[in-house]
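Peer 1: Pasting the sequence and the predicted coordinates here, then a few questions.
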Amino acid sequence: MMRIAWMSEKKDQKVLCKACMQRCVLKEGEYGKCGVRLNRGGELYLTVYGLVSALNIDPVEKKPLYHFLPGTATLSLGTVGCNLSCKFCQNWEISQYPQLNNYRVFGEEYSPQEIVSIAERFNIPSISYTYNEPVIFFEFAYDIMKLAYERGIKNIFVSSGYETEEVLERSVPFLSAMNIDLKSFSDDFYQRICGARLKPVLKTIEKAYKLGIWIEITTLLIPGYNDSEGEIRAITRFIRELSPDIPWHISRFFPAYLMGDLPPTPVSTLKRAYEIGKEEGLRYVYVGNYADQSLTSTYCPSCGHIVIERSGYLGERVKVKLREGKCEVCGFEIAGVWG
């Protein structure tokens, strides 16, 4: 379905899209980089409003969020399209679908009310906008978020971090949490591999944190591309300087899309990155796409007691040992959203 994409501004016969940091200025009949925002008649339209390409009930740990309502389910949805063009995308069949298919789109029709009703019917405490980049379908997500918030349901963005400040400010108080990809600390990597830039992502992380949105950060380590010790330390130092309480997820790469000829990330690289995160002062570091309970559980930064025990490939089997958000042994307050 097509709806006016109101996160935009008219500029003569062109339209400026204000949803993401690509800030596309579109001529009549032109689509944005995302493939789903179109200038038609001097108005910006969203071509995937209400068209859901994927809808599932997931553990919130899959997002991944480890300090936000642990052990609960989240209703996950996405559309098609993306404002980045990552060569390693694992969801490229939907994220790049419009760009590879003459801007055609697909999905089952759902209204915001229907999405929220599903969450209510199954007593799901949160809705996640994921699978592809949520900011590209912001107007649809916004309508769901606002209604969900009114019903006491929290909202989560799983994002590449390319939201504009306008989007983030408009999302408060409806958006409760974000998992943001910090794919590299190299602007060259972002340009060559993702079709984006580094600085906007850093600004988004800083802005979301300042707005009080709970954030966790994920870095997919790709062998030979962003896994040097220097770059890993740069990422961890950036996070620590913002707050040592921000959880950092190190994710294992597996061959995908245009980078199918690369090997998976060596386990030794994952473990070394975990050690570096701890060395640099991050309190909460986790390894994903690799099942090791010792690397997915949460430890009290004060006494070392396991306060959230996680097992399973996604860390989805959860045993919370907190007492009102604090370590049950020493009383240290663990950062997060627990209820």
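Peer 2: Happy to help now that I have it.

Peer 1: so residue 267 makes contact with residue 290?
Peer 2: Yes - in this structure, residue 267 is within contact of residue 290 by C-beta atoms under 8 Å, at 6.4 Å. In short, each C-beta sits where N, CA and C put it, glycine included.

Peer 1: Have a look at those two and say which one is more surrounded.
Peer 2: residue 290 (16 against 13; other C-beta atoms under 10 Å).

Peer 1: hang on, the more buried one packs against residue 269?
Peer 2: No - checked against C-beta under 8 Å, the pair residue 290 and residue 269 is beyond contact range at 10.5 Å.

Peer 1: Can you spell out which helices and strands pack onto whichever helix or strand residue 138 is part of?
Peer 2: Here residue 138 sits within helix 138-150, counting by DSSP states H and E. Judged by 3 or more C-beta pairs under 8 Å, 6 or more residues apart in numbering; DSSP states H and E, helix 138-150 is in contact with strand 3-4, helix 112-121, strand 126-129, strand 154-159, helix 165-171.

Peer 1: what's the closest of the ones you listed to residue 245?
Peer 2: The closest of the helices and strands packed on helix 138-150 to residue 245 is strand 154-159. By C-beta to C-beta, the value is 18.2 Å.

Peer 1: which residues are in contact with the closest one?
Peer 2: Applying C-beta atoms under 8 Å, 6 or more residues apart in numbering, the contact partners of strand 154-159 are 60, 63, 65, 68-69, 74, 125-131, 133-135, 141, 144-145, 148-149, 163, 171, 174-181, 204, 337.

Peer 1: Report the buried members of those.
Peer 2: Buried members of the contacts of strand 154-159, scored by 16 or more other C-beta atoms under 10 Å, are 60, 63, 65, 68-69, 74, 126-131, 133-135, 141, 144-145, 148-149, 163, 171, 174-181, 204.

Peer 1: coming back round to it: now the common contact residues for residue 267 and residue 290.
Peer 2: Counting by C-beta under 8 Å, 6+ apart, the residues touching both residue 267 and residue 290 are residue 252.

Peer 1: that older thread, will you turn the helices and strands packed on helix 138-150 into TSV that also has mean pLDDT?
Peer 2: Compiled in TSV, the helices and strands packed on helix 138-150 are given as follows (pLDDT from 0 to 100):
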stretch	mean pLDDT
strand 3-4	97
helix 112-121	98
strand 126-129	98
strand 154-159	98
helix 165-171	98
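
Peer 1: Put together CSV for those, with distance to residue 47 on each row.
Peer 2: Shown next, in CSV, are the helices and strands packed on helix 138-150 (distance: least, C-beta to C-beta, whole Å):
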stretch, distance to residue 47
strand 3-4, 9
helix 112-121, 17
strand 126-129, 17
strand 154-159, 20
helix 165-171, 18
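
Peer 1: And the ones you listed: which comes nearest residue 286?
Peer 2: Between these, strand 154-159 lies closest to residue 286; by C-beta to C-beta that is 15.4 Å.

Peer 1: For the nearest residue to residue 254 once chain neighbours are set aside, give me phi and psi.
Peer 2: Leaving aside its chain neighbours, residue 254 sits nearest to residue 264 (5.1 Å; criterion: C-beta to C-beta, 6 or more residues apart in numbering). Main-chain torsions, residue 264, degrees, to the nearest 10: phi -60, psi 160.

Peer 1: separation between residue 264 and residue 289?
Peer 2: 9 Å (C-beta to C-beta, to the nearest Å).

Peer 1: Who has more neighbours out of those two?
Peer 2: Using other C-beta under 10 Å, the more surrounded residue of residue 264 and residue 289 is residue 289, with 18 against 15.

Peer 1: correct me, but that one touches residue 249?
Peer 2: No - between residue 289 and residue 249 there is no contact under C-beta under 8 Å: 9.6 Å.

Peer 1: So what's the residue count around the nearest residue to residue 257 once chain neighbours are set aside?
Peer 2: Excluding the flanking residues, the one nearest residue 257 by C-beta to C-beta, 6+ apart is residue 92, at 4.4 Å. For residue 92, the neighbour count with other C-beta under 10 Å is 19.

Peer 1: circling back: average pLDDT for the helix holding residue 138?
Peer 2: Helix 138-150 shows a mean pLDDT of 98.
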